[in-house]
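Engineer: Curious how this folds, go ahead:
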Amino acid sequence: MPSKNDLLKFRNEINDVDKKIVQLLAKRKKLVLNIAKSKIKNNQPIRDIQREKYLLEKLTDLAKKNNLDSNYIIRLFQLIIEESVLTQKEILKKSRNDKNINSPTFSFLGPKGSYSQIATLKYAEKHFERYIENACLNFEEVVKSVECKKSDYAILPIENSCSGFINEVLNILKKTKLFIIGEINIPINHCLLGIKKIELSQIQSIYSHPQPFKQCSNFIKQFPNWKIQYTNSTADAMKKITEYKIQNNVALGSEIGGKIYGLKVLYKNLANKKKNITRFIFLARKFATISSTEKTKLTLILNIKKVSKELDKILLILKNKKIIVKKLTSQNIHKKLCKETFYIDIQGNISSPLMQEIIQKIQKITHFVKILGCYPIENTAQILK
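Structural biologist: Numbers count the residues shown, from 1 in each chain. Reported below is the predicted structural model:
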């Protein structure tokens, strides 16, 4: 029978073990906090049932080897795991609440790694401390998410220095009730991206959005045997290459996107022009309020008859008032009616009396005038350096 001294000794040893258990649980909790942050950053689910099952199986085996009751170990670690899950859920909840405070949502053509997402990143970081991203399947969905108040801003590529204006986006602008509130110019470096380094002669299929194919048409024409595969976005193309794992298939997209999807750059700078730039516009539900001292641009849509001299009259008004025309493009809207839709960017501020006067004069010439927005001018010269 143990003496009182022996009993005290055993109890002290148990106290030391219990202390170590508490310290190890504290250490475990710190690791749980780091895991939670990683899951939030990478948008991963909090609970992993398969991992929990595997963990309990391993601990059960370990318990048997150490002559411990398996049910006891299972109950103990189920409690520890539940505590871990609750801790992670609390951190996730706090993170969401923090993000939603003054954090606008930006909708763009996704998934992540697309040029639209790159443009969103550069624009949002200029204007906001925090923001939320919403990747969409197509341009229509991008705009509708803002119209339906699911997002605050929509980003659309409107023109490219190689392929010109994007007709699909111009058609959307004609219909939407959103307003352009900003723009950003992004240098575009189209790359061939693959699972591993291969020769051009080994390529069978190439995946991308229709726009990069237009912008790199001179390069693509050299390989008539390549099968062209159209996707919703450049990032979608890269995602497919990663998922299909066919070494002879490649994607046409950005180097940044290639890194996200773990693809290797086969060739760079494939656009028809050396300086390939895409202008992206940002749209919101409300008209932008801009200082009168800021250099601004006004975008209008006009419906004009082809046979008339309406366009000449409008351009003459702008010339007489010394208004700079930044961009002018047109689309046929009805051949029988001989009408065209004109998109025109002019330098000026909608709030100025001069611009109000000019708008009134234009309205008298053509019955349809839509003001798409008034917003700060992006300095393209800095991009081209």
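Engineer: pLDDT below threshold where in this structure?
Structural biologist: 1-4, 42-44, 95-102, 306-308, 332-338, 379-385 (pLDDT under 70).
Engineer: Nearest the geometric middle of it, what residue?
Structural biologist: Nearest to the geometric centre of the chain sits residue 117, at 2.6 Å (CA atoms, centre = their mean).
Engineer: Regarding the residue nearest to that residue when sequence neighbours are not counted, what is its secondary structure?
Structural biologist: Leaving aside its chain neighbours, residue 117 sits nearest to residue 108 (5.4 Å; criterion: CB to CB, 6 or more residues apart in numbering). Where you see a C-beta, it was placed from the backbone N, CA and C, and this is true even at glycine. When classified by DSSP: H, G, I helix; E, B strand; the rest coil, residue 108 comes out as strand.
Engineer: what sits against residue 108?
Structural biologist: By CB atoms under 8 Å, 6 or more residues apart in numbering, residue 108 lies in contact with 114, 116-117, 119-120, 133-136, 142, 154-155.
Engineer: any idea which element the residue nearest to the centre of the chain lies in?
Structural biologist: Here residue 117, judged by DSSP states H and E, is contained in helix 115-127.
Engineer: now the following helix or strand past that helix, how far from the chain's geometric center?
Structural biologist: Once the chain leaves helix 115-127, the next helix or strand it forms, by DSSP H and E, is strand 132-136. Centroid separation for strand 132-136 versus its chain: 6 Å, with CA atoms, centre = their mean, to the nearest Å.
Engineer: For residue 182, give me the backbone phi and psi.
Structural biologist: phi -170, psi 170 (degrees, to the nearest 10).
Engineer: tell me the contacts of residue 62?
Structural biologist: Per CB under 8 Å, 6+ apart, neighbours of residue 62: residue 73.
Engineer: Against residue 74, how distant is it?
Structural biologist: 12 Å (CB to CB, to the nearest Å).
Engineer: Quick check: chain neighbours aside, which residue is closest to residue 373?
Structural biologist: residue 180 (3.1 Å).
Engineer: How is that neighbour assigned, secondary-structure-wise?
Structural biologist: Residue 180 is classified as strand under three-state DSSP.
Engineer: Please report how far it lies from residue 282.
Structural biologist: Going from residue 180 to residue 282 by CB to CB gives 7 Å.
Engineer: before we move on, what about residue 93?
Structural biologist: Distance from residue 93 to residue 282, by CB to CB: 30 Å.
Engineer: picking up where we left off before, these two touch, right, the residue nearest to the centre of the chain and residue 235?
Structural biologist: Yes: here residue 117 reaches residue 235: they are 6.9 Å apart, a contact under CB atoms under 8 Å.
Engineer: any idea how the protein splits into domains?
Structural biologist: 4-100, 105-187, 191-270, 295-376 (automatic domain parsing).
Engineer: And stretch 188-198, end to end?
Structural biologist: Chord length of stretch 188-198, first to last residue, is 23 Å (CA to CA, to the nearest Å).
Engineer: How about stretch 233-253?
Structural biologist: OK, stretch 233-253 end separation, CA to CA: 9 Å.
Engineer: can you give me the helices in the stretch 51-200 of the chain?
Structural biologist: 70-100, 115-127, 139-147, 167-175 (DSSP state H, counting those that start in this stretch).
Engineer: Grab the longest helix from this protein for me.
Structural biologist: In the chain, taking DSSP state H as the definition, the longest helix is helix 4-41.
Engineer: How many residues are close by residue 160?
Structural biologist: Burial of residue 160 is recorded as 22 neighbouring residues (other CB atoms under 10 Å).
Engineer: For the residue nearest to it when sequence neighbours are not counted, give me phi and psi.
Structural biologist: Excluding its sequence neighbours, the residue lying closest to residue 160 (CB to CB, 6+ apart) is residue 278, at 4.7 Å. Residue 278 adopts backbone torsions of phi -110, psi 130, taken as degrees, to the nearest 10.
Engineer: related to what we said a few turns ago, quick check: bridge partners of the residue nearest to residue 117?
Structural biologist: residue 135 (DSSP bridges).
Engineer: returning to what we had before: how close does the residue nearest to residue 160 sit to residue 84?
Structural biologist: Residue 278 is 45 Å from residue 84, by CB to CB.
Engineer: Starting from the strand or helix carrying residue 298, tell me which strands it pairs with and how they run.
Structural biologist: Element membership of residue 298, judged by DSSP H and E, is strand 296-305. Using DSSP bridges, strand 296-305 pairs in its sheet with strand 339-347 (antiparallel), strand 369-376 (antiparallel).
Engineer: Toward the C-terminus, what is the element adjacent to the first one?
Structural biologist: Right, the one you point to is strand 339-347. Heading C-terminal from strand 339-347 (DSSP H and E), you reach helix 353-365.
Engineer: tell me what that next one is packed against?
Structural biologist: Here helix 353-365 touches strand 296-305, helix 310-320, strand 369-376, going by 3 or more CB pairs under 8 Å, 6 or more residues apart in numbering; DSSP states H and E.
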